[in-house]
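Undergrad: Fold the following for me, if possible:
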Amino acid sequence: MTKVLEVSAAVIQRPDGRFLLAERPEGKPWAGWWEFPGGKIESPETPLHALARELHEELGIAVETAHPWLTRVYAYPHATVRLHFFRVTAWRGEPHGKENQRFDWQFPGRVMVAPLLPANGPILKSLELPPLYGITNLAEMGEEAFLAALDRALDDGLRLIQVREKSLPPDELARFAAQVVERARPFGAKVLVNGGTEAAKTAGADGVHLPADQLMKSTQRPDFPWCGASCHNQAELARAAELDLDYVLLSPVQPTLSHPGASVLGWEGFAELAKDYPLPVYALGGLTPADMETAWRHGAHGIGLLRGTWQKA
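TA: Down below sits the predicted model:
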């Protein structure tokens, strides 16, 4: 059996979204390649303790806030590594290369340094996903009110939208999705269509979102730049990872108006399912924008909102 090297890695992120990449110093494998800072987890350290030690040793900073994020396994020629990623949002001190390594701040989707360690490709794509995920609510709001709310939300920074309107026939779904895409495109916002592969193509959407039943029947990833899925249990999460999707929505975290009396995960149940998962996980169900920090603490990439996205501030 191949031995797996346990490694902690940090996405050190500024409020403007920029994150830090560091160049591997001379004398180490893959010297001159760029990566997220971090290092080997030494026994009996936890991944978080190892992260704090490595960032102090490499960059001279003290971690104040670090949230668990993704865990991915990658087989290099010299070793197989399990990378425990954390998002570091608060620290003391100014990063500086204590091993004389270069480092640079990069924007998601616009990385300007090279070459990058091959394990980091999926991580860089995941960083393009914003923390807030809005889900359309046409059925309750009506078209005029919803489109006005969509315009407000885009002005306020919404950059990821799922068109989820299961009562619409395919042609109406495509027409409505096209309106959402038309409004979202000038802002650089991504639009995915729930379940409607043909509607997504017709509307020029960025991708599709698979309901859980469609996910479990799928044998390959849909042919779109962005693909996500709705998950409620370990089996569905496993299938999404097998298909190499870009993210999942995990629900319900709390009681919801749409599913009264349904069993909920609660934050501890959510954290247990999200722990060491390789894809970004959005928490969904009975949440408000005020729950974002709580979601991060429990391993979420962000939160998905239905009604809460479109309410006036």
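
Undergrad: Could you list the low-confidence segments of the stretch 151-300 of the chain?
TA: Counting by pLDDT under 70, the stretch 151-300 of the chain shows low-confidence ranges at 259, 261.

Undergrad: ranges for the helices of it?
TA: 170-184, 197-203, 212-217, 234-242, 266-274, 292-297 (DSSP state H, counting those that start in this stretch).

Undergrad: What lies in contact with the fourth one?
TA: Right, the one you point to is helix 234-242. Residues from elsewhere that reach helix 234-242 (C-beta atoms under 8 Å, 6 or more residues apart in numbering): 212, 215-216, 218, 228-231, 248, 250, 273, 277-279. Quick note: C-beta positions are derived from backbone N, CA and C, even for glycine.

Undergrad: which pair in those residues spans the largest distance?
TA: Greatest spatial distance in those: 218 and 273, 19.9 Å, computed using C-beta to C-beta.

Undergrad: who has more neighbours, those two?
TA: residue 273 (20 against 17; other C-beta atoms under 10 Å).

Undergrad: I'd say the more buried one and residue 248 touch.
TA: No. Residue 273 is beyond contact range of residue 248, at 9.7 Å (criterion: C-beta atoms under 8 Å).

Undergrad: anything in contact with each of those two?
TA: Common neighbours of residue 273 and residue 248 (C-beta under 8 Å, 6+ apart) are 237, 281.

Undergrad: ok, what's across the strand from residue 68?
TA: Listed beta-bridge partners, residue 68: residue 86 (assigned using DSSP bridges).

Undergrad: Local confidence estimate at it?
TA: Residue 68 carries a pLDDT value of 97.

Undergrad: Just give the number of residues close to it.
TA: 21.

Undergrad: Which residues are in contact with it?
TA: Contacts of residue 68 by C-beta under 8 Å, 6+ apart are 47-48, 84, 86, 275, 299.

Undergrad: Any quick PyMOL command for the buried ones out of the residues you listed?
TA: PyMOL command restricting the contacts of residue 68 to the buried ones, with burial defined by 16 or more other C-beta atoms under 10 Å:
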select buried, resi 47+48+84+86+299
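
Undergrad: now, which of the contacts of residue 68 lie within strands?
TA: Among the contacts of residue 68, the members falling in strands are 84, 86 (criterion: DSSP state E).

Undergrad: Looking at the contacts of residue 68, spot the one nearest residue 153.
TA: The nearest member of the contacts of residue 68 to residue 153, counting by C-beta to C-beta, is residue 299 at 25.6 Å.

Undergrad: In contact with that closest one, which residues?
TA: Counting by C-beta under 8 Å, 6+ apart, residue 299 has contacts 67-69, 270-271, 274-275, 277, 281.

Undergrad: Pairing-wise in the sheet, spell out the partners of residue 90.
TA: According to DSSP bridges, beta-bridge pairing links residue 90 with residue 65.

Undergrad: Quick one: neighbours of it, just the number.
TA: Residues near residue 90, counting by other C-beta under 10 Å, number 11.

Undergrad: Stretch 68-88: end-to-end distance?
TA: Taking C-alpha to C-alpha, to the nearest Å, the first and last residues of stretch 68-88 lie 9 Å apart.

Undergrad: is it true that residue 53 lies in a strand?
TA: No. Under the criterion used here (DSSP: H, G, I helix; E, B strand; the rest coil), residue 53 is helix, not part of a strand.

Undergrad: how close does the nearest residue to it once chain neighbours are set aside get to residue 20?
TA: Spatially, and ignoring its direct neighbours in sequence, residue 53 is nearest to residue 45 (7.3 Å; C-beta to C-beta, 6 or more residues apart in numbering). Using C-beta to C-beta, to the nearest Å, residue 45 is found at 22 Å from residue 20.

Undergrad: Next: residue 201.
TA: Taken as C-beta to C-beta, the span from residue 201 to residue 20 is 38 Å.

Undergrad: Strands of the stretch 101-250 of the chain, start to end?
TA: In the stretch 101-250 of the chain, the segments counted as strands under DSSP state E, counting those that start in this stretch are 103-106, 132-135, 160-163, 190-194, 207-210, 226-231, 247-250.

Undergrad: Mind exporting the C-alpha coordinates of the fifth one to PDB?
TA: Extracted C-alpha coordinates of strand 207-210, given in PDB (Å, rounded to 0.1, in the frame of the first residue of the first chain):
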ATOM      1  CA  GLY A 207     -23.300  25.200 -16.400                       C
ATOM      2  CA  VAL A 208     -25.800  22.900 -14.900                       C
ATOM      3  CA  HIS A 209     -26.800  21.900 -11.400                       C
ATOM      4  CA  LEU A 210     -27.900  18.300 -10.800                       C
END
